[in-house]
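Colleague: Take this sequence and fold it.
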Amino acid sequence: MVQTGLHHVTAFSGPALRNLDFHTRVLGLRLVKKTVNFDDPGTYHLYYGDAAGRPGTILTFFPIEHAAPGRVGIGETQETAFRVPRASIGWWTHRFIEKGVAHEPLVQVFGAPTLRFRDPDGMMLALVGVDVGDAEGWASSEVPAEHAIRGLHGVTLLLDRAEPTAAILTEVLGLQEVGREGSLIRFAGSAELGGLVTLRAVGGFLPGRPGAGSVHHIAFRAADDAAQAAMGQALAARGLHVTEQRDRQYFRSVYFREPGGVLFEIATDEPGFAVDEPIEALGQALKLPAGLEPHRAEIEAVLPKVA
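Modeller: I've put the predicted structure just below:
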């Protein structure tokens with residue numbers, strides 16, 4: 001069955017070490033890849049996810065040491081949500097209190113307990129309690145496997161109007177509308193992990209401002225190059241500009257700005273994060289693409305020390 005939904009979410013952050021500590025120690029995610037921004041190799045690109053770094057579990061960051069804070073607004077991702085076992089929401093609430101993590105009272109969203117919180121840069125995140133079945137979590141030093149995050153739940157996009165974006169989700173990216181609640185319209189793909197995109201239309205709100213804590217883009221899954229090319233052709237037929245394919249080492253990508261202003265990526269599931277290091281060693285070494293490997297010494301000299 002073709003898996004449709006999110007591949008990953010990419011955001012900006014402040015200092016790399018603070019970002020790494022929060023996402024691996026406080027949230028218990030696995031650092032599945034430590035590389036650099038291929039377009040700006042003096043900046044890390046840190047990938048967090050589940051034990052195997054599967055599509056639909058990945059949150060990535062470009063950490064910038066002295067980044068100004070971003071502002072959420074129209075044409076941006078307002079919230080990125082993770083899945084946790086329904087019975088673990090109480091455990092996470094206590095953990096956030098213990099660790100001083102800014103969070104909101106528990107609410108029900110589309111029938112699921114939702115714990116909203118912010119990372120050290122103010123990025124809006126949430127944990128959503130779901131039935132996870134027998135899916136194993138990644139056991140970190142502080143978060144036991146039974147309470148571990150089980151991948152992305154979905155994202156909420158803040159838009160002027162929902163309809164043009166909804167058409168791209170349903171007619172090109174393989175999602176379908178599954179519910180409405182207040183100002184929210186929810187769409188689901190076939191993938192269990194990262195399967196949900198929720199649109200929130202708010203009319204004439206301020207536009208977003210990129211910076212620490214803001215999402216740069218969200219990526220949708222394509223099984224392979226052929227599936228990606230078919231989506232690109234469908235987008236071009238609708239008058240949207242799609243970039244040429246770019247090799248991101250662990251997937252191949254094309255980018256476009258959807259009608260509501262959010263930057264979307266379509267990323268292939270293949271080849272995955274184990275292409276340049278074994279699964280048991282993911283995230284331990286700084287990995288560089290072949291074109292940057294000759295410059296490793298100077299790249300390492302300017303990157304902040306994180307581990």
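Colleague: List the contacts of the helix ranked longest in the chain.
Modeller: For the chain, the helix that runs over the most residues, judged by DSSP state H, is helix 225-237. For helix 225-237, the surrounding residues in contact (Cβ atoms under 8 Å, 6 or more residues apart in numbering) are 2, 168, 171-173, 222, 242, 245, 252, 254, 256, 266-268. Quick note: C-beta positions are derived from backbone N, CA and C, even for glycine.
Colleague: quick one: buried residues of it?
Modeller: Residues 227-228, 231-232, 235 are the ones in helix 225-237 that count as buried (16 or more other Cβ atoms under 10 Å).
Colleague: Could you do stretch 25-41 as well?
Modeller: Under 16+ other Cβ under 10 Å, the buried positions of stretch 25-41 are 26-36, 38, 41.
Colleague: From those residues, pick the one nearest V107.
Modeller: Using Cβ to Cβ, L27 is the member of these that lies nearest V107, at 19.6 Å.
Colleague: any idea of the pLDDT on the closest one?
Modeller: For L27, the model assigns a pLDDT of 98.
Colleague: so the nearest residue to it once chain neighbours are set aside is in which element?
Modeller: Among residues not flanking L27 along the chain, I149 sits closest, at 6.3 Å (Cβ to Cβ, 6 or more residues apart in numbering). Assessed by DSSP states H and E, I149 sits outside every helix and strand.
Colleague: residues touching I149, list them.
Modeller: I149 neighbours (Cβ under 8 Å, 6+ apart): 27-29, 50, 82-84, 127, 137-138, 143.
Colleague: so can I have a markdown table of the residues you listed showing secondary structure and distance to K99?
Modeller: What follows is these, written out as a markdown table (DSSP: H, G, I helix; E, B strand; the rest coil; distance: Cβ to Cβ, whole Å):
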| residue | secondary structure | distance to K99 |
| --- | --- | --- |
| L27 | coil | 10 |
| G28 | coil | 11 |
| L29 | coil | 14 |
| D50 | coil | 21 |
| F82 | strand | 16 |
| R83 | strand | 20 |
| V84 | strand | 16 |
| L127 | strand | 13 |
| G137 | coil | 18 |
| W138 | coil | 18 |
| V143 | coil | 11 |
